[in-house]
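In: here is my input, please return the structure:
(2 chains)
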Amino acid sequence: MRAYIPAYELKSLGRLTDVVSLLALEPGAWKPFAGGTDLMVLFESGKLDHKKFVSIWNLPELRGISVTPEFVTLGALTTYTEVQSHDVLRQEFPMLCQAASETGGLAIQNRGTLGGNIANASPAGDSPPALLVYDAKIELISSNGPRVVPYDGFHTGYKKMVMRPDELIKSIRLPRVTQAWKQYYRKVGTRKAQAISKICFAGLARMDGGVIQDIRIALGSVAPTVVRCSATETALKGLKPDASAISKARAELAREISPIDDIRSTANYRLRVALNVLEDFLTGL
Amino acid sequence: MPDPSGKVEINLIVNDEPRTVSVYPMARLLDMIREDLRLTGTKEGCGEGECGACSVLLDGLLVNSCLVPAIQAEGTSIKTIEEIATGEQLHAVQQAFITCGGAQCGICTPGMVIAAVNLLERIPEPSQAEIRTGLAGNLCRCTGYMKIFESVVRACQDNKQNIPAPVGG
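Out: Okay, here's the model as predicted:
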């Protein structure tokens, strides 16, 4: 059933300081509203329980991509279209660009934002596995000032986050240290565009003489949150990615993830595909 | 004075004309276009950002108007399907849809045409893959897509023929 429009409030304030003051006034009373690609879907189907929102779409402080020798910093409102067209991101963070290109279609990519994707906290998001293996840092802002938290651990349970109700995501920082690593991203969905993932995989590996020196693996849609698979990573470090290592890694990953049956897929299918995608990643190293 | 009903005034440019509408801030841009501005060429398909039938250009970018709250259209410039033809002169994309049978029931057609026009603005000579990506967010339940794809290819060819040869070339 459609929502009753007059029951909803959506304020537009021009400045970040005004927005964080409003959020602090009565924490939880007002929630931020970015590009609307998730919230408007809930709204239209009558499932948007919260009624008071503040639009952050027009805040210049949350826009733009900046590059320093250590980090690429993306404003929280960076759209998927902007991610794909940024030269440094394309060169050094291709998995994030691929994730952005496989999120929705062009019209969604023009409105959907990276900060919104994180704050929506879906375990099926396309960008989060890439952000996890890139060791992203999240800069939060509130009326008390900024604080930076690691993205690993940001989601503490299904739709639960370390971000407080009076905080906003200001930016996402990506450390520029993985250029020379092998990168592998794979989203498995029902069709190529406009699909939500059945599983989503991001892998990074630093190789030396055919041996895995360091490795990072993250998956979406296989647990209540996106997950970094540290046990599988530990099991693979120092090994050559041969048949015995792959078999060991498959067994470890099967223990580490907990996919479920839902409208988009089954636990069995997800487990099987996750293990096969892991094997595809390792085979290509 | 704020309107006690909760409505707000939105000022925007619609098809090159300045317009002011009074709407609820969460009203969908789609409803504002169809009901307040009476531009009913833009269609509603799924109402959840999956099908692209409600596509319009917002500051030159393709968007699903069902997913844009009215308040975020303040100060923007919107282009709808009504502005794609020039008077009685159809856009090359529209003519190609007729020539190639790219339109059947017509619900997806305005969104398809807007997406195709936007594609050709960004990439005048798109590859086959770029055409497929450019239309990937628009669903059609009639044509099986091939006739739509052929329509866009045809529009590119017609566009190219209309470009005068370079002087001295």
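In: any idea how far residue B:95 lies from residue B:16?
Out: Residue B:95 sits 22 Å away from residue B:16, taking C-beta to C-beta, to the nearest Å as the criterion. C-beta here means a position set from N, CA and C on the backbone, and glycine is covered the same way.
In: these two - which one has more neighbours?
Out: More neighbours surround residue B:95 than the other of residue B:95 and residue B:16, with 16 against 9 (other C-beta atoms under 10 Å in any protein chain shown).
In: in stretch B:58-66, what's buried?
Out: Residues of stretch B:58-66 classed as buried by neighbour count (16 or more other C-beta atoms under 10 Å in any protein chain shown): B:58, B:61, B:62, B:63, B:64, B:65, B:66.
In: OK, contacts around the fifth one?
Out: For residue B:64, the contacting residues are A:107, A:108, A:111, B:49, B:52, B:54, B:55, B:137, taking C-beta atoms under 8 Å, 6 or more residues apart in numbering or on different chains as the criterion.
In: just those residues now: which is nearest residue B:108?
Out: Using C-beta to C-beta, residue B:52 is the member of the contacts of residue B:64 that sits closest to residue B:108, with 7.2 Å.
In: ok, the closest one to chain A distance?
Out: 6 Å (C-beta to the nearest C-beta, to the nearest Å).
In: tabulate the buried residues of stretch B:58-66 (a markdown table), appending pLDDT and distance to residue A:101.
Out: Putting the buried residues of stretch B:58-66 into a markdown table (pLDDT from 0 to 100; distance: C-beta to C-beta, whole Å) gives the following:
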| residue | pLDDT | distance to residue A:101 |
| --- | --- | --- |
| B:58 | 98 | 20 |
| B:61 | 98 | 16 |
| B:62 | 98 | 15 |
| B:63 | 98 | 17 |
| B:64 | 98 | 17 |
| B:65 | 98 | 23 |
| B:66 | 98 | 22 |
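In: near chain B, which residues of the stretch 151-285 of chain A are found?
Out: Applying C-beta under 8 Å from any C-beta of the partner chain, we find that the stretch 151-285 of chain A lies next to chain B at A:192, A:193, A:194.
In: for the nearest residue to residue A:257 once chain neighbours are set aside, what are its contacts?
Out: Distances taken as C-beta to C-beta, 6 or more residues apart in numbering or on different chains place residue A:222 nearest to residue A:257, at 4.1 Å, with adjacent residues excluded. Contacts for residue A:222 (C-beta under 8 Å, 6+ apart) come out as A:123, A:199, A:257, A:258, A:259, A:270, A:271, A:274.
In: quick check on those: which are buried?
Out: Those of those that meet the buried threshold are A:123, A:199, A:257, A:259, A:270, A:271, A:274, by 16+ other C-beta under 10 Å.
In: need the contacts of residue A:222 in CSV with secondary structure and pLDDT, can you?
Out: Shown next, in CSV, are the contacts of residue A:222 (DSSP: H, G, I helix; E, B strand; the rest coil; pLDDT from 0 to 100):
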residue, secondary structure, pLDDT
A:123, coil, 90
A:199, strand, 93
A:257, coil, 95
A:258, coil, 92
A:259, coil, 93
A:270, helix, 96
A:271, helix, 96
A:274, helix, 97
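In: among those residues, which two are most distant?
Out: Within the contacts of residue A:222, two members stand farthest from each other by C-beta to C-beta: A:123 and A:271, at 15.0 Å.
In: end-to-end on stretch B:11-27?
Out: Criterion C-alpha to C-alpha, to the nearest Å; first-to-last residue distance in stretch B:11-27 is 14 Å.
In: wondering if stretch B:114-124 reaches chain A at all.
Out: Yes. Using C-beta under 8 Å from any C-beta, stretch B:114-124 reaches chain A at B:115, B:118.
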